[in-house]
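fold the stuff below for me.
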Amino acid sequence: MYAPSLALAAIACIVCVTAESQAPPQPPQTVQWHVAAGPASPLQPGQRSTIELTGQILEGWHVYGLKQHPKGPTELKFSVDDNPVVQPAGAPAGTATIRRVDPGFGFEIQYYTDFLQLTLPVQVKQQAGAGKQQVPVSVRFQSCSERTCLPPATIHLLVDVNVQPHV
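Below you'll find the predicted structure:
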């Protein structure tokens, strides 16, 4: 009487284990990202400052740089998302990249290994509220090793910005 129920339960468990073991593997986290407000703090409405992005790159991997050939790999992009506190005030700049002709592409590519640091100029909006606020930023990047490239990815981070009250 209980045999059919036990048999069905056993089959269900086997199916669950098989389905879990066939889940696609997660790609490695190739970069540890950190974002911080520039040195000037607190900021006043209208004041310019920077947002600093650093990336610690996993050994054996590289991240493509800010400038790439149009038919090349995905460029690194660092931007401020729409928010009521700051607006972009220029293009991001960063540490020097490694440059080499990639045989797969047939032209020069630029990339970072080990560590990268970018600075994004921003300006505090006139209508920004006073106090500590979080500003959303996005980082779009592609990382590769000598054997494989991961699909481009976008991460979203928050940076704390302290704004002085209007005087």
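
where in the protein is pLDDT low?
By pLDDT under 70, the weakly predicted segments of the chain are 1-27, 167.

show me where it has strands.
Assigned strands in the chain, in chain order: 31-37, 48-57, 62-64, 77-80, 86-88, 93-94, 98-102, 107-113, 115-124, 131-141, 143-144, 153-163 (criterion: DSSP state E).

next, the distance between the ends of stretch 103-112.
18 Å (C-alpha to C-alpha, to the nearest Å).

same question, stretch 78-90
Counting by C-alpha to C-alpha: the opening and closing residues of stretch 78-90 are 11 Å apart.

what does it contact?
Defining contact as C-beta atoms under 8 Å, 6 or more residues apart in numbering, one finds that stretch 78-90 is touched by 48-49, 51, 53, 66, 92, 118, 120-125, 127-129, 133, 135-139, 156, 161, 163. The way it works is simple: take the backbone N, C-alpha and C, and place the C-beta from them, glycine included.

show me which of the residues you listed are buried.
Of all the contacts of stretch 78-90 considered here, the ones buried according to neighbour count by 16 or more other C-beta atoms under 10 Å are 49, 51, 53, 66, 92, 118, 120-124, 128, 133, 135, 137, 139, 161, 163.

for Pro70, find the nearest of the strands of the chain.
Using C-beta to C-beta as the measure, strand 107-113 is the one of the strands of the chain that comes nearest Pro70, at 10.1 Å.

pretty sure Met34 contacts Phe115?
Residue 34: His, not Met. No - checked against C-beta atoms under 8 Å, the pair His34 and Phe115 is beyond contact range at 10.9 Å.

overlap of the contact sets of these two?
By the contact definition C-beta under 8 Å, 6+ apart, His34 and Phe115 are jointly contacted by 54-56.

hmm, back to that, make CSV out of the strands of the chain and add distance to Lys71.
Supplementary listing: the strands of the chain in CSV, determined by distance: least, C-beta to C-beta, whole Å:
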stretch, distance to Lys71
strand 31-37, 24
strand 48-57, 24
strand 62-64, 13
strand 77-80, 17
strand 86-88, 27
strand 93-94, 23
strand 98-102, 11
strand 107-113, 8
strand 115-124, 23
strand 131-141, 18
strand 143-144, 16
strand 153-163, 20
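
run a quick neighbour tally on Phe78.
Phe78 is flanked by 25 other residues according to other C-beta atoms under 10 Å.

give the closest residue to Glu75 in space, chain neighbours not counted.
Nearest non-adjacent residue to Glu75, counting by C-beta to C-beta, 6 or more residues apart in numbering: Gln68, 4.6 Å away.

try Gly46
Nearest residue to Gly46 in three dimensions, chain neighbours excluded: Gln126, at 5.8 Å (C-beta to C-beta, 6+ apart).
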